[in-house]
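Enquirer: Provide a 3D model corresponding to the input given below.
(one chain, ligands or ions: 1)
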Amino acid sequence: MAMISAALDRISPSPTLAMTTRTLELKAQGIDIIGLAAGEPDFDTPDFVKEAAIDAIRRGFTKYTNVDGTAELKAAIKAKFKRDNGLDYETSQISVNVGGKHTLFNALVATVEAGDEVIIPAPYWVSYPDIVQFCGGTPVIVSAPAEQGYKITPGQLDAAITPRTKWLILNSPSNPTGAAYSADELKALGEVLLRHPQVWVMADDMYEHITYGGFEFATIAQVVPALYDRTLTVNGCSKAYAMTGWRIGFAGGPLPIIKAMSKLQSQSTSNPCSIAQAAATAALNGPQDFLIERNAAFERRRDLVVSMLNQANGIHCPRPDGAFYVYPDVSGLIGKSTPAGKKIASDADLIDYFLDDYRVAAVNGAAFGLEPAFRISYATSEAVLSEACERIQTACAALR
Ligand SMILES: Cc1ncc(COP(=O)(O)O)c(C=O)c1O
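Expert: Prediction:
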């Protein structure tokens, strides 16, 4: 009898976390690595958020809470959905979980069974297919290459839907590409979904607050109200509020799903950390103006990285509207050889070459389901990004 379950055998460790671990190990050996693999803001959690957590500890708010979130945090999330998205959710329609990944995990485990299909546009965030497979479901990958702005078309969506389709996962702005769907693009996808009442939508809006150049964020339940009853709107504190370590994610959606997620959570984590919930309440209720300043810094970094990467031989880097990633296409480098004579047969080979010979860590496209490409997280200083891009330019120029 096998010790490890078949469900676990169907998944792999997160490739982005693996690259981050590899970078940290090399740094610990004193090697000068520029790590551009980790998907987290370099900014600190705002002071007013930290203070709220310290206050929670001091007043003894350190015990179990309501399974899927405190009343205060649910009220703050309800207000956030109304304020930012024009969405009305009752507090009973809100679920708070241990990070956005846990929100998505709960929702998929609560709904997906063997034989169910989940449509995942590629490039995708690494965890979607694995979680679907863990549940016994089948990921249906729809490729959205750079030529279509890394976004799926209504025609592609229509063609991917079958009677077994349970969910479409829509992530905008996207990790790993930064591509973001406009309200009109969401409406066009929504029209397709309205013809297929069995399909639900999981809107992963984790990067909602990180957009540039006047791009207007929209979420599908807002722009296609007829889908409200079959949309789970997922968000969290990790990215906007630089709170990746606090582990607070949340969702608004139809009551039966929210209740099912709560039932699952009651038998796993019991509740999210009480102190982190107090911090998240402060983050959502507090001043939001620091986001503008941080976005301006992210936008400068995006422009720097896009411009420098496009000057590297063989790289084509689209300019994204949001998040803090770029996803350059490297078709122009495949088949070349390094000065040491090693063939670059795939984007994995290219990433190894960048790391081994030029000490820059990024994540290759195979991890995100669309190759040849790689992902850079530009959530670091302009000086570091500039040095990293120079190294990449030199690395590309040396390929023959
Ligand atoms: C698209 C997307 N969804 C969800 C998450 C999960 O966020 P959290 O760190 O809150 O679990 C991430 C984090 O990288 C992400 O990029």
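Enquirer: where exactly do the strands run in the stretch 201-350 of the chain?
Expert: 231-236, 249-252, 325-326 (DSSP state E, counting those that start in this stretch).
Enquirer: close to the ligand, is the longest one?
Expert: Yes: taking Cβ under 6 Å from any ligand atom as the criterion, strand 231-236 and the ligand are in contact, through G236. Placement of C-beta: from N, CA and C, glycine included.
Enquirer: which secondary structure elements does that strand contact?
Expert: Packing partners of strand 231-236 (3 or more Cβ pairs under 8 Å, 6 or more residues apart in numbering; DSSP states H and E): helix 71-85, helix 100-111, strand 200-204, helix 220-223, strand 249-252.
Enquirer: could you give the angle of the second one to strand 200-204?
Expert: What it means is helix 100-111. 170 degrees (axes from the mean of the first three to the mean of the last three Cα atoms, to 10 degrees).
Enquirer: Which elements pack onto helix 100-111?
Expert: In terms of contacts (3+ Cβ pairs under 8 Å, 6+ apart), helix 100-111 is packed against strand 94-97, helix 127-134, strand 165-171, strand 200-204, strand 231-236, strand 249-252, helix 255-266.
Enquirer: now swap in the longest one and tell me
Expert: With contacts taken as 3+ Cβ pairs under 8 Å, 6+ apart, helix 71-85 sits against strand 94-97, strand 231-236, strand 249-252, helix 274-285.
Enquirer: Just the CA atoms of the longest one, as PDB, please.
Expert: Once non-C-alpha atoms are left out, helix 274-285 reads as follows in PDB (Å, rounded to 0.1, in the frame of the first residue of the first chain):
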ATOM      1  CA  SER A 274      -6.700  36.500  14.700                       C
ATOM      2  CA  ILE A 275      -3.900  39.100  14.600                       C
ATOM      3  CA  ALA A 276      -3.500  39.000  10.900                       C
ATOM      4  CA  GLN A 277      -7.300  39.500  10.600                       C
ATOM      5  CA  ALA A 278      -7.100  42.600  12.800                       C
ATOM      6  CA  ALA A 279      -4.300  43.900  10.500                       C
ATOM      7  CA  ALA A 280      -6.300  43.200   7.400                       C
ATOM      8  CA  THR A 281      -9.300  45.000   8.800                       C
ATOM      9  CA  ALA A 282      -7.100  48.100   9.300                       C
ATOM     10  CA  ALA A 283      -5.600  47.700   5.800                       C
ATOM     11  CA  LEU A 284      -9.000  47.600   4.100                       C
ATOM     12  CA  ASN A 285     -10.600  50.400   6.300                       C
END
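Enquirer: Just the residues contacting it, thanks.
Expert: Applying Cβ atoms under 8 Å, 6 or more residues apart in numbering, the external contacts of helix 274-285 come out as 45-46, 48-53, 55-57, 61-65, 69-70, 72-73, 76-77, 79-80, 96, 237, 241, 243, 246-248, 271.
Enquirer: which ones among those come in contact with the ligand?
Expert: By Cβ under 6 Å from any ligand atom, no member of the contacts of helix 274-285 lies near the ligand.
Enquirer: what's near enough to touch whichever residue of the stretch 201-350 of the chain sits closest to the ligand?
Expert: Residue nearest to the ligand within the stretch 201-350 of the chain (Cβ to the nearest ligand atom): S238, separated by 3.5 Å. Contact analysis of S238 by Cβ under 8 Å, 6+ apart lists E40, G99, G100, M206, T244, W246, R247, I248, G249.
Enquirer: Quick check, pLDDT for Y327.
Expert: On pLDDT, Y327 comes in at 98.
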